[in-house]
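Colleague: Give me coordinates for this.
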Amino acid sequence: MQTIDLRLDAGWIVPVEPAGALAGHAVIVDAGRIAAIVPTRAADAAYVARTHVALPGHLLIPGLVNAHTHAAMTLFRGIADDVPLQQWLEQHIWPREVRFVGPEFVYDGTCLAAAEMLKGGVTCFNDMYFYPDAAARASLELGIRAMLGVVVIDFPTPYASDPDGYLELGLAVRDAYKHAPSLSFALAPHAPYTVSDATWDKIVMYARQLDLPIHTHVSETVLEVAQSRERHGGTPLARLHRLGVTGPGFIGVHAVHLTAADIDLLATHGGHVVHCPVSSMKLGSGIAPITAMHDRDINVALGTDGAASNNRLDILGEMRMAALLAKVAASDPAVLPAHQVLEMATLGGARALGLGATIGSLVPGKQADIVAVDLSAGTTLPCYDPVSHLVHVAGRECVTDVWVGGERVVADRVLARVDEAALMARAHTWQERLK
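Modeller: Model prediction:
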């Protein structure tokens with residue numbers, strides 16, 4: 001019999017590829033990777049596990065991917081709700097960032113965000129914020145995967161004075177951490193309306209030279225699109241395409257107000273979209289044309305945005321909202337079924353980040369990023385279809401255990417690597433400073 005590190009038995013296992021749920025199977029993990037998914041009887045006969053975890057009544061799924069965050073902004077959670085986007089940014093967020101954001105803020109805020117995400121089943125997040133070195137330290141400490149953005153913007157902040165400064169600082173962090181197996185990097189220009197053509201040219205050059213994806217907000221509001229047409233003679237996405245930004249390494253966030261030509265451009269040239277339904281609704285931005293994108297085989301991932309604009313870093317919640325919004329927008333209850341929205345939250349996010357060969361599904365050879373969701377409570381019974389239950393019944397409170405690379409980072413709803421009480425105390429300290 002083969003000795004392996006970990007064996008997980010659960011009520012159901014959802015590999016994501018192929019779609020569907022397996023009952024009476026075990027996930028076999030060795031050296032941080034999935035070695036096999038086999039019927040329980042075969043596991044009994046073939047493997048001896050150093051650790052054997054039985055999770056009856058649970059659903060095992062791939063780790064969720066939060067494909068767009070500003071993690072450190074968790075410390076701004078709820079600081080300015082119920083206001084329009086530009087007012088929210090210009091009157092509430094940017095002034096506080098000038099006063100308070102630094103390495104300590106980003107480290108503490110990212111720790112708080114990572115704790116929230118892990119306990120909600122998120123094992124990987126894509127970040128866009130200042131001081132990525134502090135975010136890297138926080139991510140490594142809590143044991144979560146992260147793609148960290150090299151933020152670029154045309155105006156000065158306490159972090160950097162000009163686009164060259166942003167690029168120099170961010171790429172230095174990338175060089176320092178490029179061998180960390182749980183970290184990856186992207187170029188993260190804020191948005192078309194805050195980055196000039198000359199700066200985009202530099203970003204495209206670095207993306208090609210260093211083989212880095214480009215992660216940016218695009219077509220989030222009606223005003224953004226109107227101003228782009230007036231100033232640049234086309235939509236934000238059309239302008240980015242003209243500048244060479246789009247392609248298989250492009251990650252466009254929000255994409256609420258895409259035209260048919262924009263969708264055709266993405267479908268023809270590749271690229272990924274991150275749908276942030278709750279943030280878009282809360283800021284009154286609109287409903288992204290997800291069905292039209294799926295019809296053209298555009299890869300769509302899910303993100304929460306930052307907790308300052310969304311209030312929750314909850315991908316399970318985003319899954320349910322994305323499914324319901326798509327059905328309302330199309331007046332069709334069959335649109336965006338449960339298995340498809342689960343794929344958006346797992347493999348779709350992994351593909352957007354260029355990690356589809358490594359994470360996003362429970363497949364032998366991939367990293368053992370696995371989440372256990374308890375479907376045995378009275379609020380989730382009876383259960384006829386576990387995947388539908390995951391989207392429409394369960395919430396992040398049902399997540400009990402999380403493994404990242406085979407390491408159990410959440411055990412019976414408790415974080416394994418961090419003192420949660422100390423983390424909460426740091427959050428309260430920031431609250432007193434920021435209010």
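
Colleague: For I251, list each beta-bridge partner.
Modeller: H215, H272 (DSSP bridges).

Colleague: Please name the residues that touch it.
Modeller: I251 makes contact with 67-68, 126, 186, 213-216, 271-274, 352-353, according to Cβ atoms under 8 Å, 6 or more residues apart in numbering. For the C-beta atoms, the positions are set from N, CA and C on the backbone; glycine is no exception.

Colleague: From those residues, list the buried ones, please.
Modeller: Buried subset of the contacts of I251 (neighbour count, 16 or more other Cβ atoms under 10 Å): 67-68, 126, 186, 213-216, 271-274, 352-353.

Colleague: that older thread, which member of the contacts of I251 is positioned nearest A422?
Modeller: Set against A422, the nearest of the contacts of I251 by Cβ to Cβ is N126 (26.8 Å).

Colleague: returning to that earlier point: tell me the one among the contacts of I251 nearest to R417.
Modeller: Taking Cβ to Cβ as the measure, R417 lies nearest N126 of the contacts of I251, at 20.9 Å.

Colleague: Please, which helix or strand holds that closest one?
Modeller: Taking DSSP states H and E as the criterion, N126 maps to strand 122-127.

Colleague: buried residues in that strand?
Modeller: Neighbour-count burial for strand 122-127 flags V122, T123, C124, F125, N126, D127 (criterion: 16+ other Cβ under 10 Å).

Colleague: how much space between the last one and T199?
Modeller: Counting by Cβ to Cβ, to the nearest Å, the gap from D127 to T199 is 20 Å.

Colleague: Likewise for the fourth one?
Modeller: Distance of F125 to T199, computed by Cβ to Cβ: 25 Å.

Colleague: same thing with the third one?
Modeller: Computed with Cβ to Cβ, the distance linking C124 and T199 is 28 Å.

Colleague: Going by neighbour count, list what's buried in the helix or strand of the chain with the lowest mean pLDDT.
Modeller: When the helices and strands of the chain are scored by mean pLDDT, DSSP states H and E, helix 85-87 comes last with a mean of 81. The neighbour-count check on helix 85-87 (16+ other Cβ under 10 Å) flags L85 as buried.

Colleague: Please list the outside residues in contact with that helix.
Modeller: Identification of contacts with helix 85-87 by Cβ under 8 Å, 6+ apart yields E220, T221, L223, L283, G284, S285.

Colleague: need the contact list for the spatially closest residue to G78 that is not a sequence neighbour.
Modeller: Once flanking residues are discounted, G78 sits nearest to N311: 5.9 Å by Cβ to Cβ, 6 or more residues apart in numbering. Contacts for N311 (Cβ under 8 Å, 6+ apart) come out as R77, G78, D81, K282.

Colleague: neighbours around the last one, how many?
Modeller: With neighbours defined by other Cβ atoms under 10 Å, the count for K282 comes to 17.

Colleague: Kindly report the same for the third one.
Modeller: Here the count is done by other Cβ under 10 Å, and D81 has 12 residues near it.

Colleague: in which helix or strand would I find it?
Modeller: Using DSSP H and E, D81 is not contained in any helix or strand.

Colleague: Pretty sure S388 is one of the things W12 touches, is it not?
Modeller: No - W12 sits out of contact with S388 when judged by Cβ atoms under 8 Å, with a separation of 11.7 Å.

Colleague: quick one, which of those two is more surrounded?
Modeller: Between W12 and S388, counting by other Cβ under 10 Å, W12 is the more crowded of the two (24 against 17).

Colleague: Sheet partners, orientation included, of the helix or strand containing the more buried one?
Modeller: Here W12, judged by DSSP H and E, is contained in strand 2-13. Sheet pairing here is set by DSSP bridges, and for strand 2-13 it gives strand 22-23 (antiparallel), strand 25-30 (antiparallel), strand 47-62 (parallel).

Colleague: Which pLDDT value goes with A368?
Modeller: On the pLDDT scale, A368 is placed at 98.

Colleague: phi, psi of it?
Modeller: Main-chain dihedrals, A368, degrees, to the nearest 10: phi -80, psi 70.

Colleague: Any idea how many residues pack against it?
Modeller: 26.

Colleague: Repeat that for the one 10 residues further on.
Modeller: The number of residues packed near G378 is 5, by other Cβ under 10 Å.

Colleague: need the helices for the stretch 201-350 of the chain, in chain order.
Modeller: Assigned helices in the stretch 201-350 of the chain, in chain order: 222-232, 236-242, 260-269, 277-282, 290-295, 315-330, 338-343, 349-352 (criterion: DSSP state H, counting those that start in this stretch).

Colleague: Need the winner for burial among those.
Modeller: Comparing the helices of the stretch 201-350 of the chain by mean neighbour count (mean count of other Cβ atoms under 10 Å), helix 349-352 ranks first with a mean of 29.

Colleague: on that earlier part again, make a markdown table out of the buried ones among the contacts of I251 and add pLDDT.
Modeller: Shown next, in a markdown table, are those (pLDDT from 0 to 100):
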| residue | pLDDT |
| --- | --- |
| A67 | 98 |
| H68 | 98 |
| N126 | 98 |
| A186 | 98 |
| P213 | 98 |
| I214 | 98 |
| H215 | 98 |
| T216 | 98 |
| G271 | 96 |
| H272 | 98 |
| V273 | 98 |
| V274 | 98 |
| A352 | 98 |
| L353 | 98 |
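
Colleague: Now distance to A411 too, for those, in JSON lines please.
Modeller: JSON lines is the format used below for the buried ones among the contacts of I251 (distance: Cβ to Cβ, whole Å):
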{"residue": "A67", "distance to A411": "26"}
{"residue": "H68", "distance to A411": "28"}
{"residue": "N126", "distance to A411": "26"}
{"residue": "A186", "distance to A411": "31"}
{"residue": "P213", "distance to A411": "33"}
{"residue": "I214", "distance to A411": "37"}
{"residue": "H215", "distance to A411": "32"}
{"residue": "T216", "distance to A411": "37"}
{"residue": "G271", "distance to A411": "38"}
{"residue": "H272", "distance to A411": "33"}
{"residue": "V273", "distance to A411": "35"}
{"residue": "V274", "distance to A411": "30"}
{"residue": "A352", "distance to A411": "29"}
{"residue": "L353", "distance to A411": "26"}
